[in-house]
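# Sequence plus the predicted model coming up.
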Number of protein chains: 2
Amino acid sequence: MLLSEHQLFQEFGVSRLTVVAALRVLREQGWIESQQGKGRFVRGRPAMASVESNRTGQAYLTSPETDSPGELVEAGAMALPNRVAALLDAQLKSKAFLRRRLVTREGEPSELVSLWLPLELSEGTDLTSGEALPQGIRQHLQSRKGVRFDHIVEQITARMPTAQEVKQLGMPKNVPLLAVFGAVRDASSRPLVVVEVLLPADRHELEDAYPVA
Amino acid sequence: MLLSEHQLFQEFGVSRLTVVAALRVLREQGWIESQQGKGRFVRGRPAMASVESNRTGQAYLTSPETDSPGELVEAGAMALPNRVAALLDAQLKSKAFLRRRLVTREGEPSELVSLWLPLELSEGTDLTSGEALPQGIRQHLQSRKGVRFDHIVEQITARMPTAQEVKQLGMPKNVPLLAVFGAVRDASSRPLVVVEVLLPADRHELEDAYPVA
DNA sequence: CCCGACAGGTTGTTTTACCAAGTTTGAGAG
DNA sequence: CTCTCAAACTTGGTAAAACAACCTGTCGGG
């Protein structure tokens, strides 16, 4: 149990409102809980703090490409796969700019990361060049094109790899792939970019932590 | 741009602090943003509100079993698989209570949901009976055993199904399984329960939405 | 012995007042 | 015409005070 509001604002020489405002922050972050008439109690959440929340789609958009070694395997305008066209609200069989990188970890091919951009969003950016971006993709697009990332709709599926994917990723052909699609949207729900991450299931798994509602 | 604080508290006949408190809630929920000296501006997030956040582990713990038709295929003390033992901080090859249900949708087998409980947590609960629970699992355990769910660590993997799983789920044997492990913990990080959900990848995918940090 | 009223604690919420800090605008000096 | 600067707006934050709702123990009376 915590000290009462009265004790706290006397001890720290501030007003009651200030104490309440501070305790409200703690409550909203989940550290304490309060019961009217009884008091405030430490709930304790060093737990969630030690397990980082780790959303796959997010990571590839914020960290610079130069941080993870890899090789650009494709960059240019391509016809959209159906699923990506749906996520981008685009016509079936229409074209968009594709940038695909094979990321390597410890010298071995590890995952295949693809970025689809509508053509008008790719113009005037460094994404069309063959170089690795020294800046995060999110940072780059927000400053160059004036768009604002707001939220991500993430879909996770599993499927068997194609022959080409087996070759590129150097994986056994009877092992499934984890496929993560992240559709980035702005605040008015307009799709901006789609990221697809292909992970061989024998070498990767996804982990995330979240509070119970 | 919104009306200024001055205009708002005059119009609604409340104090300025009340207006500010209300606007703070809107800001924390992402609807508006405020700039000191300029004003408050609608940011607009009907988007995130329309896409429900949908965590797989969560769903199976809160909704009652009687809501989803299915059949109990296993209930009793079992030796723990290695991965589950690790998630429960238990000794390898130790035993725990297993409750496994085959959930059916539209008359067809759809997913396999397994619940592992340490033996001391299963005592005195209705989970050991063969009946479907009319209450959510979370509700049941919190009231019967006095434990409090705090957060979930979720791992997502893909693998090929075993022969038994192919038979139980009535799925093709060359289609991978999406496996979701949810380790439920209390506020001090002590593991309470592990849920495993097995989803045939040709019929299921996971979808979730989250704000860009 | 039991039970209800009451007092004194707690948090929840609002009001009024004041000052600080950032932005914009326009009047006046040059 | 241009520049400077002050005034008037905005949000951000604190102080002191009051009342409401809730919990818990104590002190009675039955």
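Received the coordinates, thanks.
# make it CA atoms for all contacts and neighbour counts henceforth
Noted.
# Spatially central, which residue of chain A would that be?
A:Gln58 (1.2 Å; CA atoms, centre = their mean).
# Show me how chain A divides into domains.
A:5-50, A:56-200 (automatic domain parsing).
# which one of the ones you listed has the most crowded surroundings?
Highest mean neighbour count among the domains of chain A (mean count of other CA atoms under 10 Å in any protein chain shown): domain A:56-200, with a mean of 18.
# Let me see the contact set for A:Arg148.
By CA atoms under 8 Å, 6 or more residues apart in numbering or on different chains, A:Arg148 lies in contact with A:142, A:186-187.
# Doesn't it belong to a helix?
No: applying DSSP: H, G, I helix; E, B strand; the rest coil, one finds A:Arg148 to be coil, outside a helix.
# Please give the element, helix or strand, for the residue nearest to the centre of chain A.
Element membership for A:Gln58 (DSSP states H and E) is helix A:56-62.
# Just the CA atoms of that helix, as PDB, please.
What follows is helix A:56-62, C-alpha atoms only, in PDB (Å, rounded to 0.1, in the frame of the first residue of the first chain):
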ATOM      1  CA  THR A  56       7.600  -7.700 -36.600                       C
ATOM      2  CA  GLY A  57       6.200  -5.200 -39.100                       C
ATOM      3  CA  GLN A  58       7.300  -2.300 -37.000                       C
ATOM      4  CA  ALA A  59      11.000  -3.300 -36.800                       C
ATOM      5  CA  TYR A  60      11.700  -3.300 -40.500                       C
ATOM      6  CA  LEU A  61      10.200   0.200 -41.000                       C
ATOM      7  CA  THR A  62      12.200   2.000 -38.300                       C
END
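# Need the contact partners of that helix.
Outside helix A:56-62, the residues that touch it by CA under 8 Å, 6+ apart are A:136-139, A:152, A:154, A:180-182, A:195, A:197, A:206, B:212.
# Columns pLDDT, secondary structure and distance to B:Pro176 on top of those residues, output as CSV?
Rendered in CSV, the data for those read as follows (pLDDT from 0 to 100; DSSP: H, G, I helix; E, B strand; the rest coil; distance: CA to CA, whole Å):
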residue, pLDDT, secondary structure, distance to B:Pro176
A:Gly136, 79, coil, 33
A:Ile137, 84, helix, 32
A:Arg138, 83, helix, 33
A:Gln139, 79, helix, 36
A:Ile152, 90, strand, 26
A:Glu154, 93, strand, 20
A:Val180, 96, strand, 15
A:Phe181, 96, strand, 18
A:Gly182, 94, strand, 21
A:Val195, 95, strand, 22
A:Val197, 95, strand, 17
A:Leu206, 94, strand, 16
B:Val212, 79, coil, 30
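# Return only those of those residues found close to DNA strand C.
Contacts with DNA strand C within the contacts of helix A:56-62, counted by CA under 7 Å from any atom of the strand: none were found.
# and of the residues you listed, the nearest to A:Arg99?
Set against A:Arg99, the nearest of the contacts of helix A:56-62 by CA to CA is A:Val195 (9.6 Å).
# Please look at that closest one and A:Ala183 and confirm they touch.
Yes: using CA atoms under 8 Å, A:Val195 is in contact with A:Ala183, at 6.5 Å.
# contacting residues for A:Leu117?
A:96-98, A:192-194.
# phi, psi of it?
phi -120, psi 140 (degrees, to the nearest 10).
# how far away is it from B:Gln142?
47 Å (CA to CA, to the nearest Å).
# what does A:Leu87 give?
40 Å.
# Looking at strand pairing, list the partners for A:Ser34.
Beta-bridge pairing of A:Ser34 under DSSP bridges involves A:Arg40.
# which ones are touching it?
The neighbours of A:Ser34, taking CA under 8 Å, 6+ apart as the test, are A:27, A:40-41.
# Kindly indicate which of the residues you listed lies nearest DNA strand C.
A:Arg40 (5.1 Å; CA to the nearest atom of the strand).
# near DNA strand D, which residues of chain A show up?
A:13-18, A:21, A:35-38.
# A:Leu121 reaches A:Lys145, doesn't it?
Yes: if you go by CA under 8 Å, A:Leu121 and A:Lys145 touch, sitting 7.0 Å apart.
# gap between A:Tyr210 and B:Arg40?
31 Å.
# and what of A:Lys93?
On the measure of CA to CA, A:Lys93 and B:Arg40 end up 42 Å apart.
# Likewise for A:Asp208?
Distance from A:Asp208 to B:Arg40, by CA to CA: 34 Å.
# now do A:Thr66
38 Å.
# Check A:Leu80 too.
Using CA to CA, A:Leu80 is found at 39 Å from B:Arg40.
# Between the two ends of stretch A:135-155, what distance do you get?
Distance across stretch A:135-155, first residue to last, is 26 Å (CA to CA).
# Need the pLDDT of the residue nearest to A:Lys173 when sequence neighbours are not counted.
In this structure, A:Lys173 finds its nearest non-sequential neighbour in A:Val166, 6.0 Å apart by CA to CA, 6 or more residues apart in numbering or on different chains. Looking at A:Val166, its pLDDT reads 97.
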